[in-house]
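Asker: give me coordinates for this.
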Amino acid sequence: MVSSDQRRRQLAREKFARQQERREAARRKGKRRNAIIAASLVVVLAASGGAVAAGAFSGDDGKSNTDAADKPSASPSVKDPCGKPAPGKVEKMSFKKEPKLTIDKSADYSMKLATTCGDIDIDLKAAAAPHTVNSFDFLVNKGYLNHTKCHRLTNQGIYVLQCGDPTGTGTGTPGYKIPDENLKDKSLKDNVYPAGTVAMANQYNPQDGKGRDTGGSQFFLVYKDSQLPPDYTPFGTVSESGMKVLKKIADAGATPPDPTTGNTAPNATVVIDEATVEKS
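Answerer: Numbers count the residues shown, from 1 in each chain. Okay, here's the model as predicted:
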């Protein structure tokens with residue numbers, strides 16, 4: 001016959017087992033939810049990075065490109081931590097093909113984004129991603145990034161600030177595409193792009209394997225370790241002082257998704273007043 005004390009211990013064990021089962025079920029559910037969120041963000045990132053509107057810079061429909069300096073992005077309820085954009089407008093540019101490879105792959109290159117929120121210095125990986133670095137050297141020297149707005153900030157699942165689109169919509173392109181590079185970079189461990197990584201957006205769809213080699217001018221800066229498959233060319237690393245600028249931008253938060261583009265814009269007014277590339 002089972003004593004009352006034994007019965008109490010049995011009931012306690014059964015209760016503990018049920019609690020463990022519920023915790024494990026909740027953990028699995030949360031893991032699935034996070035995976036779904038991350039996957040959806042990857043799709044948005046890929047869609048935003050390519051030439052969705054291939055003719056965005058060709059022809060003249062009587063309308064100018066979105067002027068990043070004219071439209072502050074901060075919500076009235078959020079204090080904008082950044083300054084006013086410098087005078088000037090985005091220049092319309094389109095190029096028929098990728099520029100000729102002219103950089104010295106054995107040299108060191110850096111890119112400076114002088115933004116309304118502070119300078120973001122980036123060490124470029126010329127040897128590992130020569131086509132990408134060469135493209136930015138070309139575009140920056142043309143003034144392509146000047147006065148452009150960083151149009152997207154994500155703070156769920158992945159943590160990135162996306163820039164490089166003169167239209168400010170996520171559909172802009174320089175008119176040409178560059179190949180994917182450096183996808184086996186040693187810094188990309190366990191499908192994580194570490195904080196400080198600068199990488200290319202593109203149109204790659206992992207579900208059907210289509211969209212490789214579709215980088216253009218859009219890139220993203222990772223301000224916190226982000227779970228992403230190694231499908232996006234890592235071509236630079238943000239300096240310590242630049243990371244402080246990114247943190248300031250991220251701390252201001254993001255807007256609700258735009259009903260047209262799906263983008264969540266930074267509340268901060270992040271405009272690249274001037275971009276420069278230097279060889280050292």
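Asker: confidence score at the residue nearest the centre of the chain?
Answerer: Residue closest to the mean C-alpha point of the chain, counted by C-alpha atoms, centre = their mean, is Phe220 at 2.8 Å. Phe220 is assigned a predicted lDDT (pLDDT) of 98.
Asker: distance of it relative to Thr115?
Answerer: Using C-beta to C-beta, to the nearest Å, one gets 15 Å for the distance from Phe220 to Thr115. From N, CA and C alone the C-beta is placed, and that goes for glycine too.
Asker: what's the answer for Gly242, then?
Answerer: 10 Å.
Asker: more crowded one of the two?
Answerer: The neighbour count for Gly242 versus Thr115, taken as other C-beta atoms under 10 Å, is higher for Thr115 (28 against 23).
Asker: tell me which element the nearest residue to the more buried one once chain neighbours are set aside falls in.
Answerer: The spatially closest residue to Thr115, leaving aside those adjacent along the chain, is Ile272, at 5.4 Å (C-beta to C-beta, 6 or more residues apart in numbering). Taking DSSP states H and E as the criterion, Ile272 maps to strand 271-279.
Asker: next, the buried residues of that strand.
Answerer: Residues of strand 271-279 classed as buried by neighbour count (16 or more other C-beta atoms under 10 Å): 271-275, 277.
Asker: quick check: which helices or strands does that strand pack against?
Answerer: strand 109-115, helix 130-141, strand 148-149 (3 or more C-beta pairs under 8 Å, 6 or more residues apart in numbering; DSSP states H and E).
Asker: how about 7 Å then?
Answerer: Packing contacts for strand 271-279, counted by 3 or more C-beta pairs under 7 Å, 6 or more residues apart in numbering; DSSP states H and E, involve strand 109-115, helix 130-141.
Asker: picking up where we left off before, partner strands of the helix or strand where the residue nearest to the centre of the chain lies, parallel or antiparallel?
Answerer: In this assignment (DSSP H and E), Phe220 forms part of strand 219-222. Strand 219-222 has the following sheet partners, assigned by DSSP bridges: strand 158-163 (antiparallel), strand 197-200 (antiparallel).
Asker: contact partners of it?
Answerer: For strand 219-222, the surrounding residues in contact (C-beta atoms under 7 Å, 6 or more residues apart in numbering) are 45, 159-164, 193-201, 238, 246.
Asker: ditto for stretch 114-125
Answerer: Counting by C-beta under 7 Å, 6+ apart, 81-85, 109-113, 133, 182, 198, 235-239, 241-242, 245-246, 248-249, 268-274 sit against stretch 114-125.
Asker: avg pLDDT for it?
Answerer: 98.
Asker: on that earlier part again, could you dump the strands paired with strand 219-222 to a markdown table with mean pLDDT, mean neighbour count and distance to Gln227?
Answerer: Formatted as a markdown table, those follow (pLDDT from 0 to 100; neighbours: other C-beta atoms under 10 Å; distance: least, C-beta to C-beta, whole Å):
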| stretch | mean pLDDT | mean neighbour count | distance to Gln227 |
| --- | --- | --- | --- |
| strand 158-163 | 98 | 24 | 7 |
| strand 197-200 | 98 | 27 | 13 |
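Asker: can you say which of these is nearest to Lys100?
Answerer: Checking the strands paired with strand 219-222 against Lys100 by C-beta to C-beta gives strand 197-200 as the closest, at 19.4 Å.
Asker: buried only: go through the contacts of stretch 114-125 for me.
Answerer: For the contacts of stretch 114-125, buried by 16+ other C-beta under 10 Å: 81-82, 85, 109-113, 133, 182, 198, 235-239, 242, 245-246, 248-249, 268-274.
Asker: poorly predicted segments of the protein, please.
Answerer: Counting by pLDDT under 70, the chain has low-confidence residues at 1-10, 12, 26-77.
Asker: so where do the helices sit in it?
Answerer: Secondary structure of the chain by DSSP state H: the helices cover 4-49, 130-141, 240-251.
Asker: among the helices and strands packed on strand 271-279, which comes closest to Met93?
Answerer: With distances scored as C-beta to C-beta, the stretch of those nearest to Met93 is helix 130-141 (8.0 Å).
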